[in-house]
Every structure is written in C-alpha cells, then in structure tokens.
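Enquirer: when you get a sec, could you give me coordinates for this:
(one chain, ligands or ions: 2)
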Amino acid sequence: MESIKSANLMIKLFIIQCLAFACIAQDFDFFYFVQQWPGSYCDTQKSCCYPSTGKPDSDFGVHGLWPNYKDGSYPSNCDPDVPFDPSKISDLRSNMQKEWPTLACPSGNGLDFWGHEWTKHGTCSESVLDQHDYFATTLNLKNQVNLLQSLENAGIHPDGGSYSLASIKSAIKQGTGFTPYIECNVDSSGNSQLYQVYMCVDNSGSNLIACPIFPRGKCGSQIQFPTF
Ligand code: 5GP
Ligand code: 5GP
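Expert: Ligands and ions are numbered 1, 2, ... in the order given. Below you'll find the model as predicted:
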C-alpha cells in the first residue's frame, strides 16, 4: 500500500515537472540573422536579376531570420495555416525594399522572397513574433548590425580584393561584439568569396549573442570581396 502511494506521488511529481519544463517542446533556441553580399550573389555562374524597384544599394542585404536549435538542426515550414500576407507589412514595405532586396531571377518586387522566408522560417517563431513583428524585428537587426561599416573600419572594402578570412571575422567581432559565421560561394571563375554573414540572436529576436553552434562549411583562408 505504502509503495503504491509513493509510486503515485512520484508520478504526480513527474507530471508537474513535465508541465514546468520538459514537456513544453522548445520551439527553437536562437536565431541566425543572415545577410548576403549582393556582389557575391550576382557574379556567380547563375547570375542574378535586380529587383523591379531598381539596383539595390552596395550594401549587405537581409537574407533571413532563421529559428535554430542548439544542436544545429532547425525547424521549418511550421504553420501552413498562416500564409504570407503582404497587407500585414505595408508599413514596412519601403524599408524592406531597401534592406531586404531580392536578387533572384526573374526580377521580382520582393514578395516571393519575403513570403518564402516567412513560410519556411518565420512560421517557426510564431510563439514570439507574429508576422508583422517577424519582419519588423529583422529590419531592426539590420539597423543594429552594420557589417559593411565594420569591415570598412578595418580597411576591408568591396573592391574585388582578397582578404584573410580571419581579418574579416575579426573586423565584424570588433564592430558588433560577436564572432560571425562566414559562408563563401564561388564566382564564375571559381574563386572563393564572401557570400553570407551569420550572426546569432537570442530567441526574443532583440539581442545579438555568441553563437551556440556555427553552421558547417568552408571558405579558403583568403577570400575575395567583390564589388557591387
Ligand atoms: P544551403 O543548403 O544553401 O546552405 O541553405 C538552403 C536554405 O536552407 C537556406 O537558405 C535556409 O533557408 C536553410 N538553412 C540552411 N542552413 C541553415 C541553418 O543552419 N539553419 C537554418 N535555420 N536554416 C538553414
Ligand atoms: P532559402 O535558401 O532561404 O531556403 O531560399 C531562398 C529562396 O528565395 C530561393 O528559392 C531563392 O530563389 C529565393 N530568393 C529570392 N531572392 C533571393 C535572394 O536575393 N537571395 C537568396 N539567397 N534567395 C533568394
């Protein structure tokens, strides 16, 4: 009898603990905030198309804000019930065009790119950010993280020159406080170049944090920084 009671108690305790922690499936642990260098999207074999609104600034543009788990895996396409709705972000539209330009072909006005990012990634952070806030938060981060400025301050310019990967990382660490992950791609001649920069952001979307895990991939130790 006593042992049944204590087993009962154990089960109750377990359920309480479970409700408090373990059973609440963690949506995601942190975000990657990913920016792309337009020159490196465009000078590849595949090439690019400027958006219908015109050639973007010679600056990094947003690729996306991606919920991620600490083990490196990530959720995607989490909520088919909330499709991308451009009318929800009409106040952000001109900022989006400037900071989050699409470079894919054929030329577009950005809605396809933003919609893809919302559907694939944004729907996985709905517990924290609704559709409007997902885009607004991403634009705030873009404002907060001036990669080109950080690089230029260290004498690293988009001039087609070759720079050490270490100097690029260190310039961004100097400017933002955190070590980025650098993703490279190759230009049409096969040279490794600075393509995307990943910064990590806490799961509220407000603060940069040290990356819990870095994606895998490789750049050369010297990479090019093409013009745009
Ligand atoms: P790729 O395979 O070209 O690196 O990535 C293709 C797409 O998969 C990315 O644009 C992004 O949508 C997604 N992706 C790739 N790596 C990661 C990652 O580490 N975390 C998250 N959340 N998404 C990723
Ligand atoms: P992800 O790699 O984020 O899963 O997918 C990116 C999708 O957005 C691809 O289907 C790609 O064609 C489209 N896209 C539209 N514009 C851009 C752009 O400027 N950069 C990148 N990386 N993808 C874009």
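
Enquirer: what parts of the protein come near ligand 1?
Expert: Tyr32, Trp66, Asn68, Tyr74, Lys120, Pro215 (C-beta under 6 Å from any ligand atom). C-beta: built from backbone N, CA, C; applies to glycine.

Enquirer: so which bits of the longest strand along the chain are buried?
Expert: Identified as the longest strand of the chain according to DSSP state E is strand 192-201. Neighbour counts over strand 192-201 (16 or more other C-beta atoms under 10 Å) mark Ser192, Gln193, Leu194, Tyr195, Gln196, Val197, Tyr198, Met199, Cys200, Val201 as buried.

Enquirer: mind putting those into JSON lines with pLDDT and distance to ligand 2?
Expert: JSON lines is the format used below for those (pLDDT from 0 to 100; distance: C-beta to the nearest ligand atom, whole Å):
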{"residue": "Ser192", "pLDDT": "98", "distance to ligand 2": "17"}
{"residue": "Gln193", "pLDDT": "98", "distance to ligand 2": "14"}
{"residue": "Leu194", "pLDDT": "98", "distance to ligand 2": "14"}
{"residue": "Tyr195", "pLDDT": "98", "distance to ligand 2": "9"}
{"residue": "Gln196", "pLDDT": "98", "distance to ligand 2": "8"}
{"residue": "Val197", "pLDDT": "98", "distance to ligand 2": "13"}
{"residue": "Tyr198", "pLDDT": "98", "distance to ligand 2": "12"}
{"residue": "Met199", "pLDDT": "98", "distance to ligand 2": "16"}
{"residue": "Cys200", "pLDDT": "98", "distance to ligand 2": "17"}
{"residue": "Val201", "pLDDT": "98", "distance to ligand 2": "17"}
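
Enquirer: for the residues you listed, which one is nearest Pro101?
Expert: Nearest to Pro101 among the buried residues of strand 192-201 is Gln196, at 14.4 Å by C-beta to C-beta.

Enquirer: and the pLDDT for the spatially closest residue to that closest one that is not a sequence neighbour?
Expert: Spatial nearest neighbour of Gln196, chain neighbours left out: Glu183 (4.1 Å); criterion: C-beta to C-beta, 6 or more residues apart in numbering. Confidence at Glu183, expressed as pLDDT, is 98.

Enquirer: list phi and psi for Ser125.
Expert: Ser125 adopts backbone torsions of phi -120, psi 20, taken as degrees, to the nearest 10.

Enquirer: would you confirm that it contacts Phe28?
Expert: Yes: between Ser125 and Phe28 there is a contact under C-beta atoms under 8 Å: 6.4 Å.

Enquirer: shared neighbours, those two?
Expert: Common neighbours of Ser125 and Phe28 are listed as Pro67, Asn203 (criterion: C-beta atoms under 8 Å, 6 or more residues apart in numbering).

Enquirer: just the strands in this protein please.
Expert: 30-36, 61-68, 161-164, 181-186, 192-201, 208-209, 222-225.

Enquirer: now render the ones you listed as JSON lines, adding distance to Lys55.
Expert: JSON lines is the format used below for the strands of the chain (distance: least, C-beta to C-beta, whole Å):
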{"stretch": "strand 30-36", "distance to Lys55": "15"}
{"stretch": "strand 61-68", "distance to Lys55": "12"}
{"stretch": "strand 161-164", "distance to Lys55": "22"}
{"stretch": "strand 181-186", "distance to Lys55": "20"}
{"stretch": "strand 192-201", "distance to Lys55": "19"}
{"stretch": "strand 208-209", "distance to Lys55": "29"}
{"stretch": "strand 222-225", "distance to Lys55": "19"}
